[in-house]
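*Asks:* Below: sequence and its predicted model.
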Amino acid sequence: MKKIIALVLAAVLCLCACAALAADLKVGVILVGDETEGYTLAHMNGIKAAAAELGVADDQIIWKYKVPEDQTCAEAAYDLVGQGCNLIISNSYGHQTFMDEVAGEFPDVDFVSMTGDFAAISGKPNLKNAFTKIYEARYVSGVVAGMKVKELLESGELSPEKQPNSFDGENVKIGYVGAFNYAEVVSGYTAFFLGIRSVVPNVTMTVEYTQSWFDIDKEAAAAEALVADGCVIIGQHADSTGAPAAVQKLLDAGTLCYSVGYNIDMLPTAPTAALTSPTNEWHVFYADLFSKKMNGEEIAQDWAEGYAKDAVAITTLGPSCAAGTQEKVDEVVAALKDGSLKVFDTATFTVGGETVTSAPVDLSFMDWSTMTAIYEGETVEAIVDGAFEESSFRSAPYFALRIDGIIENAAQ
Amino acid sequence: MSQTTHHEPLIRVAARENASTALRVGVRVAAIFLALVVNALFIYFVTGLNPFQVYITMFGGTFGTKMRFFWAMRDLASLLLIGIALAPAFKMRFWNIGAEGQVLAGALATAAVMVYGGSVLPAPVLYTVMLVAAVAAGALWGFVPAWFKAHFNTNETLFTLMMNYVAIQIVACFVNIWRGQASGLGKLNMKTKAGWFPQIFGYRFTINLVVVVALVFLMFWYLKYSKQGYEIAVVGASENTARYAGINVGKVIIRTMIISGALCGLTGFLIVGGRDQTISTGTAGGNGFTAIIVAWLAKFNTFTMALISFLLIFLEKGAAEIASAYNLNDYASDIIAGIILFFILGSEFFVRYRLILRGSHNKEVR
């Protein structure tokens, strides 16, 4: 009995302590969109989940919605500082320069610019960046797609005789709907492609850019164009449900094609066409951030985690996935976790027909209009132990190699 | 007997002449009161919040802190500057829908000077070149449709509107060039701060505020007391009268649009140098269109324009603050601001017109 009382007491004390610690935290959140937009919704859910987990009350979080990537962001940040926030988060890349400006004026407040890339070289210890290693989840989603292609090939449903359009020589055609040709997207589609190729060696991929992060119509049009070109799998790095919806329609009409989404489970949109979606588990980051801030611990200036901390995942496998996919996924995830599998292993790809032995990456933050560095960064060698080390020299992706087997198309 | 079968509408509308000051004020106060009542119902029944608290929060959007007040004044300056720029054109009945483009032209010229001259020109020269280039670019953007109007009688509404899209595309193109491999164009000359306005009393946009105050007086004088202002009024009232009076209508049109465009260009200069230190297709931010409402509602009185601009900015800031403070979807807060605006605009109708009920024949001429 005493034991139980002691335990209960301990638990209560612990809760009180947590609450007391939590009380000092005041978070300001600057969001590029609101709950109607998937990217922002994912961040909001992550923050809410982390707050619930750590006992952070609703009134300790102040939200600023639909803040564009301009001076408005700096104003929102000033305003949040004025309201007593000691931790300010912005969720879009373009917010970064404005967060930087305000961070310089309030060294006691921590500013976290999600997906940003220059905190470490800005000379401001209170400016932070964070990104997940989403490329790991993209690789795994590629494995899921690869399993499907393998099944189609083995069953004979997909063969050069039946569908000559889906083959480029020996290679099966894959399609990818990308937003922009930034490193973030290049890193992602390359990981996806390598994931597929780890299962089916003979594949080729075409990337269609939409020049927008969120455009249902353009993404649908890009997916339709890719399927018309014979692509049997359509991956995506854009935020809408346009591509999966288009693929579902084409599948229902009798075309052989499947979709791999992004961010959210696409099964409600594409019940039989969607295989899975790579997704960020933002709450992992936010919980880490909040608890560090509450405990007065040092917040990493560049936070990047993947499967090792369960910061990324793939959504529920769709009913169309090939038999044995789950087992294969578990195996790959385990290998990623223990480090025995590296996504950008240089043995698995070539650039211009050659194995890559050196990939210098300049970490400077450039002003491209005048071709000068705003913040000087080191130039680092990204190839370490036979693999391209993504997201370890800074959290934001910098893999920008164009590997053999992938063709990029600009928007029409 | 025809009198009895004559169909008279229940309510008729007639222009009101010489409304008294008491009536003008009374109608507007009643409008605001009604707007607050309707809003209170909306707030209470739809969002479940306490309307009075919401109103206090809304007030805080502009007046909450000194900083917020100055930001509101800065945004007011951008809107009012464009309104002032549009006033002469609209008074001339020249439908200049192209302020957005004229501001962008000025902004782009400013940005280009900052990018290409930032590290070459000494500061005083740099600012001068920025200003001159911006005013010239804005004036050019106003001159082109005016010239076509004066010489070929082209439709200026469509022409100026299309010039907006031309400007937007050119800006988009340059932004794309300047951003290079980055995903967006941050602030220009971030490292050297070349071309950024100096901080005066803690704000970079202090110069913007000074300029707008000066222009309120200047434009008021220009439209009301100068000879050119009189010509504008005559051309606006009737081109034929103007011709009969010996006014060169084409010349007045072109001159006025150059002034209108130049002031828009100046606004672009002030926005880029003093407010944003960067450029995007959203630099004018729709103010080019909102300013038309400002100029038109104020009947081109620049002091009234200042009041209307203030009201619009107050509502905008208030709506944003409500959305943030109560975690509301910003559509809800926009509805609250929209209802107030609706009633205030609606009150104009009752100030300018009166309703005559069926049967009240006392003053009618039959």
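*Replies:* Perfect, thanks for sending it.
*Asks:* name the helices or strands packed onto the helix or strand harbouring residue B:128?
*Replies:* Assigned by DSSP states H and E, residue B:128 belongs to helix B:123-152. Applying 3 or more Cβ pairs under 8 Å, 6 or more residues apart in numbering or on different chains; DSSP states H and E, one finds that helix B:123-152 makes contact with helix B:99-117, helix B:156-179, helix B:249-270. Quick note: C-beta positions are derived from backbone N, CA and C, even for glycine.
*Asks:* who does the residue nearest to residue A:123 when sequence neighbours are not counted bridge with?
*Replies:* Closest residue in space to residue A:123, ignoring its immediate chain neighbours: residue A:375 at 7.5 Å, by Cβ to Cβ, 6 or more residues apart in numbering or on different chains. Counting by DSSP bridges, residue A:375 is bridged to residue A:365.
*Asks:* quick one: residue A:375 and residue A:119 touch, right?
*Replies:* No. Residue A:375 is beyond contact range of residue A:119, at 9.5 Å (criterion: Cβ atoms under 8 Å).
*Asks:* which residues of chain B score low on pLDDT?
*Replies:* Within chain B, the set of residues satisfying pLDDT under 70 comprises B:1-6, B:360-366.
*Asks:* What parts of it come near chain A?
*Replies:* Residues of chain B lying close to chain A (Cβ under 8 Å from any Cβ of the partner chain) are B:65, B:67-68, B:71, B:115, B:118-119, B:177-191, B:275-278, B:280, B:282, B:323-324, B:327, B:329-330.
*Asks:* and the residue nearest to residue B:277 when sequence neighbours are not counted, what does it touch?
*Replies:* Nearest residue to residue B:277, sequence neighbours excluded (Cβ to Cβ, 6+ apart): residue B:187, at 4.5 Å. For residue B:187, the contacting residues are A:97, A:101, B:276, B:277, B:278, by Cβ atoms under 8 Å, 6 or more residues apart in numbering or on different chains.
*Asks:* Check the burial of the residue nearest to residue A:123 by counting its neighbours.
*Replies:* Other residues near residue A:375 come to 20 when the count uses other Cβ atoms under 10 Å in any protein chain shown.
*Asks:* how about the residues of the stretch 301-412 of chain A that lie near chain B?
*Replies:* The stretch 301-412 of chain A comes close to chain B at residues A:366, A:367, A:368, A:369, A:370, A:371, A:372, A:373, A:374, as judged by Cβ under 8 Å from any Cβ.
*Asks:* which one of the residues you listed is nearest residue A:295?
*Replies:* residue A:374 (33.3 Å; Cβ to Cβ).
*Asks:* what about that closest one, neighbour count?
*Replies:* Other residues near residue A:374 come to 20 when the count uses other Cβ under 10 Å.
*Asks:* Looking at it now. What's its pLDDT?
*Replies:* Listed pLDDT for residue A:374 reads 89.
*Asks:* what's the answer for the one 3 residues further on, then?
*Replies:* At residue A:377, the predicted lDDT confidence score is 91.
*Asks:* hey, where'd the strands end up in chain B?
*Replies:* B:11-15, B:353-357 (DSSP state E).
*Asks:* how much does the last one deviate in direction from strand B:11-15?
*Replies:* Orientation check (axes from the mean of the first three to the mean of the last three Cα atoms, to 10 degrees): strand B:353-357 against strand B:11-15 gives 150 degrees.
*Asks:* Restrict strand B:353-357 to CA atoms and write it as PDB.
*Replies:* Provided in PDB are the C-alpha atoms of strand B:353-357 (Å, rounded to 0.1, in the frame of the first residue of the first chain):
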ATOM      1  CA  TYR B 353     -29.900  59.300 -51.600                       C
ATOM      2  CA  ARG B 354     -33.200  59.300 -49.700                       C
ATOM      3  CA  LEU B 355     -36.000  56.800 -49.800                       C
ATOM      4  CA  ILE B 356     -39.500  57.900 -50.500                       C
ATOM      5  CA  LEU B 357     -42.200  55.700 -49.200                       C
END
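*Asks:* For chain A, what's the nearest residue on chain B?
*Replies:* Going by Cβ to the nearest Cβ, chain A is nearest to residue B:180 of chain B, at 2.2 Å.
*Asks:* Let me see the contact set for that residue.
*Replies:* A:366, A:368, A:369, A:371.
*Asks:* which one of the contacts of residue B:187 has the most neighbours?
*Replies:* Tallying neighbours with other Cβ under 10 Å puts residue A:97 at the head of those, with 26 neighbours.
*Asks:* Contact partners for the most centrally placed residue in chain B?
*Replies:* Centroid-nearest residue in chain B: residue B:291, 1.6 Å away (criterion: Cα atoms, centre = their mean). The contact partners of residue B:291, by Cβ under 8 Å, 6+ apart, come to B:79, B:80, B:82, B:83, B:85, B:86, B:99.
*Asks:* Next one: the one residue in the stretch 251-400 of chain A that gets nearest to chain B from residue B:271, what distance?
*Replies:* Taking Cβ to the nearest Cβ, chain B has its nearest neighbour within the stretch 251-400 of chain A at residue A:368, 2.2 Å off. For residue A:368, the distance to residue B:271 (Cβ to Cβ, to the nearest Å) stands at 22 Å.
*Asks:* okay, now residue A:387: neighbour count?
*Replies:* 17.
*Asks:* so what's it scoring on pLDDT?
*Replies:* 95.
*Asks:* Dihedrals phi and psi, it?
*Replies:* Per-residue torsions, residue A:387: phi -150, psi 150 (degrees, to the nearest 10).
*Asks:* ok, back up a step: any chance of the strands of chain B in a markdown table, plus distance to residue B:55 and mean neighbour count?
*Replies:* Formatted as a markdown table, the strands of chain B follow (distance: least, Cβ to Cβ, whole Å; neighbours: other Cβ atoms under 10 Å in any protein chain shown):
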| stretch | distance to residue B:55 | mean neighbour count |
| --- | --- | --- |
| strand B:11-15 | 33 | 11 |
| strand B:353-357 | 30 | 14 |
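*Asks:* Tabulate those strands (CSV), appending distance to residue A:273.
*Replies:* Listed next are those as CSV, based on distance: least, Cβ to Cβ, whole Å:
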stretch, distance to residue A:273
strand B:11-15, 59
strand B:353-357, 59
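*Asks:* Could you point out which of those strands sits nearest residue B:206?
*Replies:* strand B:353-357 (42.5 Å).
*Asks:* Spell out, range by range, the helices that occur in the stretch 251-400 of chain A.
*Replies:* Secondary structure of the stretch 251-400 of chain A (DSSP state H, counting those that start in this stretch): helices located at A:282-294, A:325-338.
*Asks:* what's in contact with the last one?
*Replies:* Outside of helix A:325-338, the residues within contact range by Cβ under 8 Å, 6+ apart are A:136, A:139-140, A:143-144, A:147-148, A:195, A:198-199, A:306-308, A:314, A:317, A:341, A:343.
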